[in-house]
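K.L.:
Sequence first, predicted coordinates after that:
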Amino acid sequence: MGRLILSLVLVLVTSSALAELRPPSRALQPVADPSMVVMDRGAKLEVLPTKRATPHLDTSGRVVGQHVVRASATAPIGPGQLGVVFNHAMQQQGYITGEISFQVKGGRPFSGNPSLYPGLKQITTPAVYVVNARTPAEFVRLVKRLQARADLDWVEPTVTYGPADNTSTIR
Amino acid sequence: MVSSHAHTTAGSSVSPAMRAQSAARRRAAMSRTDFPVESLRKTRPWVVAAVASGLIACGGGGGGSSGPPAPPTATATASVSQGPAPLAVNFDGSKSMDPQGLALSYTWAFSDGAPNSTGATVSHTFNNHGSYTVTMTVSDGSMSASRTLPIQVSPAPPTVQALSIPVSVLGVAQTSVPAQIAATDRENLALTYALSVAPSIGTATVNANTGAITYTVPGFVSASSTSFTVTVSNLGASTVSTVNVLLNSDPLLLNQWHVQNTGQDAFASTFPKTGNDMNVAGAWTSGYSGKGIKVGVVDSGLEAAHGDLAANVDLTHSYNFLTGANDPTPATSYVGFDHGTQVAGIIGAVAFNGKGGRGVAYNAVLRGYNLLAPGLPFSVANMAKAMGSDPVSADNDLFNASFSAFGSAGANALPQFDNSFQAITSTAMTLRAGLGAAIVNAAGNDFQDFEGASSPLCAQYAEAFGVSCGDPASDQRRGGYYPIIVGGLNAAGVHSSYSSTGSSLWISAPGGEFGLNSTYAGPGYSNYDPAIVTTSRDGCGNTAYGKAVNPLDDLGANPLAMNCQYTAVMNGTSAATPNTAATVAMMLEANPKLSVRDIKYILAKTAKRVDANFAGVSSTTIVSGSTVVLEQGWVTNAAGYTFSNRYGFGAVDAAAAVSMAKSYTAYLPALQNSTGSYSFVAAPPATIAPQSTTGGYINYSVSESFQTVEFAVVFVSINSTPGLECNQIELTSPSGTKSILLHAANGFTNSQVPDTRFESNAFYGEQVNGTWTLRFFDFCVASGTSTTLSTTQAQTLAIVGH
C-alpha cells in the first residue's frame, strides 16, 4: 500500500509538471564585442575572434560536437580550423569556415576588385557567388563590405550550428 | 556384315525343273538371311543363275564350256543394314563371280536419289531416313546379274543445344521467365517437346509444338540453381536435354521488410508487422527498377567498389570534395561506418548477383558526392557543386539528400531563411530541360532529441507531451521551397520514434527503428524493433555500434556479411529518404516527362494513409479549461487531400506511384508565386497575450490570378523570452483548413525568430484567393516570459501554386 501511495504521489507530481508550459528562465548571452557583430538576416551574429573549433565525430562520421580551443585573433580560419560565432537570435554557438555567399541583383555578373574579395567564385545561377574570409576580422569586414553594396540581393555567411563538446571549459 | 544372294529368275526358256530348283534355293536363301531378296534381270534369257548360300552367290548351271554361257553370280554385302541417318554403309560386291571368269563391272543403285556408284566396293551415306533398296548389278559385258540389299534408315535424334536459363528472381512475386529450346533436325522433321523431369524448385512448362519454355519460381528462393529435362522427338528418335536454371537472387532480400513485409525476420528482436512495406513488388513486377535514372547521392561519400554497388556506380559523375578526384569512397584511414554507402544501397544495391540485399531502384545509376564527409566542414559552394550547379552533377535526374542537421547535431534552434540553399535548389529545378531534378530530403530525426544530442527542452516538453521536439524547418539546409521532405515509418507501419514532424513534410517512407537484437546487443537499449537492411562500408572496424548487435551485424560472423559489408541497423529519415528517392527513380523511368511538381503530385495522390486512427495530440492543462491542440491528426482539406504533420500525405506506395506516373498526362501548368504584397509589420507593443487560446492574428486578403495552392509559406519575425517553447503558430486557409506551423512544447532555444520561414503543404489543391489567417500563441504561464511580433520586420505570407 505504501508503494501504491508513493506511486500515486509521483504520478500527480508528474502530471502537474506536464500541466503547464512553465519554462525556466534562461540568461541570454550578451554581446561581448559589438565590433565583431554582423547582422545576418535580422540576427546578430557575433564572431568570437579568439576561439577556433575542430569537429568531434562519432563513429558514424557525424559531427556530434566541436572541440573549441583558444587561439590568436589573427589565427586563420578555414575548413581545417573553424571560426566560432554566436547567433544571438538563436542563442546558439556556430562555426564558420569563412565562406560567405551572396547574390547579385538581376543576375548580373559580380564586379569588384578581386583583391577585396578573396576566393571569389560563382557557385550557381543566377549570379550567386562565394568569397572566403581567412580570419575573423576579415570575415566581419567582408560581410559588412558586401552588405554595403547596393547591387546585391542578399549576403549570407555559412554557419553550422551545434554544441561545443567542451563548452564549459572554454570561456 | 550381312549378305544376300541374288538369283536369277527363269525366263521363258528355263526348264520347269530348273525353275523349281531355283525357287527352292531362293526360299532357302530367304530363310537364312531374312532379307526380302531379289531381282533378276535377265540379260540373256537362256541363262539360269543358281543361288548359293552364305557369302558367295554362285553362278548356276555349272558354267564352263559344257553349256551356254552363264551369267555372273551377284553377291553383295552391306556393312550395316539399318541405323539412324546419316547412315554410312560400306557395300562389297567383290564376291560376285563370273562363270566364264570374265571381268565384272559393278553398278550400285541406292534408291535415295543419289547417283549410281561403280566398283566392287563402294561406300554410301544415306542422309535421310527411309527404307532403301540397294541394287548391285554386275556385268561381264554381255550378261549381268543383280543383287538387292534392303537398308533401313531411321531418323537421327534431334540436335538440342544446351540451355541454361538465368532467372532474375524477383523474390517479391512470382517470376516467370520464357526460354526456348533450340533443337534442330537434320532432315527438318517436325519436332515435339515434352517435359520429362520437372524442376525441384519452381515449375516449368514446355510447349509441345514449339519448344517454348516458361520457367516459374513462385517467390523468394535461397537455392542458386535447379534443373529439369526436356525430351525432344522427331518421327522416331528423341533427345533428352537437361535445362539448367540459374536462380539469381539476393539473399538478404528476404529480410528487407521495406521492400516486402511478410512479417519476416529482419534481425532485430521484434518482427515487422506484415503488410507494412512500400509496395515495391507491384513496381518491380511492372518492370520498373529505375533503369538508367541518375541519382546523385549527396552524403558522406559511398564505397564505390562495394561488391553490391560497384556495377551501378558512375564514377565519372561523382565527386570527392576532400581529394578533388571523382571517387567518393571514404578514406581508408577513417574508421567509422559510412552513411552514404548505406543510403546508396537502399536506392540501388545491385540485384540478382547473389550478394546482400537489393536496392529499391536496383538499376539506377548511383553518383556519390561526399558533401558531408567526416572532417569536411559544410560549404555552400560544395553543396552547389554536388546538387546540380556544376557539370559533374548537372545531369542527375534527382538528388538524395539524407541530411538534416547532419554535421550540426544539436542545433536546437530555428535558423534564418537560407537564400543560398534556395538558390541551389532553384537551380536544380531548372535541370532536366526545365522539368527539374527532384531533391528528396530527410525530415530529420529530432522527434525526441536533436539528432541524438540530448536537450532539456525536448525531455521537459516535447517528449512529455508526445510531440516532436524539432521540426524540418530547424535546419537551414533542408526544407527549401522544392525538396520533397520525407518522414520515417517503422516496421509496424507507423511513425518512427525519432522522425521529426512538421507542416513541410510531404511524404513518409520506411526508415525503421534501431535494428537491435537483445540476444546480441544486450539490455539497456530502448528500442529493439527492425531497422533497414542495406549495404555498409566494408570492414568490421566500421560498424555503427562497434560490437555485435544482431545476427547480421555480428562482426563478420554471419556468412552473409563476413566483412560487415551489410547492416541491419540503418535507420532514420536518412533511410526513409532513399526509399522515396528510389521510388521517384522508378516513376521517372515510367515517365521521363514528369516535372518535380508532377512527381510531388503523384506521390501525394497515391500515398497510403497509415495510422488511420491517429487523432493528434492535445492538452487540456496547458491552458486551464481549454483544449490546446499541439498537433492535429489527419485533416482532409477542401481539395480532398488528407494531410498530417506527422506523416505528410501518408506513406509512399511505390506501385501506385509508378503506375500513375506511367499513365500520367495531366502535367501541371507553370508554377506561379503570389505577386501581391501580403506583409504585415506590427505596431508596438505587438505583444501576444499569454495563455490566450485565440492568440494574436493577422488576416491576409489574397487575390491572385492563379487558383490552386501547392504550398503556402510564411516568413515570421518574433521575439520570445526565454525561448520558443511556449509559442505556437498556425495558418488557416480561406477554405478553413488549419495548419500548425510551429507547435508549442517544442525544443527551440531562440529568443528571436528573425525572418524564419515556415512552409505548409496542408493546403495542397485548395483555392488561393480569400482570407488567410496567421495566428500566434504564447502558452507560457511563467512570469517573465513574453512574446512579441517584430515591429521592424514583417510577417509575410506567400502562396505558390498554379
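P.N.:
It's in.

K.L.:
drop to CA atoms for contacts and neighbour counts, all remaining ones
P.N.:
Fine.

K.L.:
Is residue A:91 in contact with residue A:30, as I believe?
P.N.:
No: Residue A:91 is beyond contact range of residue A:30, at 9.6 Å (criterion: C-alpha atoms under 8 Å).

K.L.:
Between the two, which is the more surrounded one?
P.N.:
Neighbour totals were compared for residue A:91 and residue A:30, and residue A:91 leads with 23 against 11 (other C-alpha atoms under 10 Å in any protein chain shown).

K.L.:
Not counting sequence-adjacent ones, nearest residue to that one?
P.N.:
Among residues not flanking residue A:91 along the chain, residue B:750 sits closest, at 5.7 Å (C-alpha to C-alpha, 6 or more residues apart in numbering or on different chains).

K.L.:
and the one you found, how many neighbours?
P.N.:
If you count neighbours by other C-alpha under 10 Å, residue B:750 ends up with 26.

K.L.:
so what's residue 106 up against?
P.N.:
Just going to use chain A. Shown in contact with residue A:106 (C-alpha atoms under 8 Å, 6 or more residues apart in numbering or on different chains): residue A:126.

K.L.:
look at chain B instead
P.N.:
B:93, B:118, B:119, B:120, B:136, B:137, B:138, B:139.

K.L.:
and the next element down the chain from the helix or strand where residue B:709 lies?
P.N.:
If you go by DSSP states H and E, residue B:709 is part of strand B:709-721. Sequence-wise, the next helix or strand downstream of strand B:709-721 (DSSP H and E) is strand B:727-732.

K.L.:
Extract the CA atoms of that next one and return them as CSV.
P.N.:
Taking Å, rounded to 0.1, in the frame of the first residue of the first chain, the C-alpha atoms of strand B:727-732 are listed here in CSV:
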residue,chain,number,x,y,z
ASN,B,727,4.9,29.5,-28.9
GLN,B,728,2.6,28.1,-31.5
ILE,B,729,2.0,29.5,-35.0
GLU,B,730,-1.0,28.4,-37.1
LEU,B,731,-2.1,29.3,-40.6
THR,B,732,-5.7,28.9,-41.7
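
K.L.:
hang on, residue A:21 packs against residue B:783?
P.N.:
No: assessed by C-alpha under 8 Å, residue A:21 is found out of contact with residue B:783, at 11.2 Å.

K.L.:
More neighbours: these two, which one.
P.N.:
When residue A:21 and residue B:783 are compared for neighbours, residue A:21 comes out ahead with 23 against 11, by other C-alpha under 10 Å.

K.L.:
Give me the nearest residue to the more buried one, chain neighbours excluded.
P.N.:
residue B:780 (5.1 Å).

K.L.:
can you count the residues close to that neighbour?
P.N.:
27.

K.L.:
rewinding a little: how about the secondary structure of the residue nearest to residue A:91?
P.N.:
coil (DSSP: H, G, I helix; E, B strand; the rest coil).

K.L.:
Quick check: it touching residue B:413?
P.N.:
Yes: when contacts are counted by C-alpha under 8 Å, residue B:750 is listed as touching residue B:413 (5.6 Å).

K.L.:
which neighbours do these two share?
P.N.:
Jointly contacting residue B:750 and residue B:413 under the rule C-alpha under 8 Å, 6+ apart are A:90, A:91.

K.L.:
all helices of the stretch 401-550 of chain B, in order?
P.N.:
Remark: helices assigned in the stretch 401-550 of chain B by DSSP state H, counting those that start in this stretch are B:419-428, B:456-457, B:463-465, B:518-521.

K.L.:
Sticking with residue B:755, tell me its helix or strand.
P.N.:
Going by DSSP H and E, residue B:755 is in strand B:752-760.

K.L.:
how much does the following helix or strand past that strand deviate in direction from strand B:709-721?
P.N.:
Where DSSP H and E defines the elements, the next helix or strand beyond strand B:752-760 is strand B:770-778. With axes from the mean of the first three to the mean of the last three C-alpha atoms, to 10 degrees applied, the angle from strand B:770-778 to strand B:709-721 works out at 30 degrees.

K.L.:
In contact with the residue nearest to residue A:91: list those residues for me.
P.N.:
Residue B:750 touches A:89, A:90, A:91, B:413, B:414, B:720, B:722, B:723, B:724, counting by C-alpha under 8 Å, 6+ apart.

K.L.:
Among these, which one sits closest to residue B:552?
P.N.:
Relative to residue B:552, the closest of the contacts of residue B:750 is residue B:413; by C-alpha to C-alpha it sits at 37.3 Å.

K.L.:
wait, that closest one sits on residue B:752?
P.N.:
No: using C-alpha under 8 Å, residue B:413 makes no contact with residue B:752, being 9.8 Å away.
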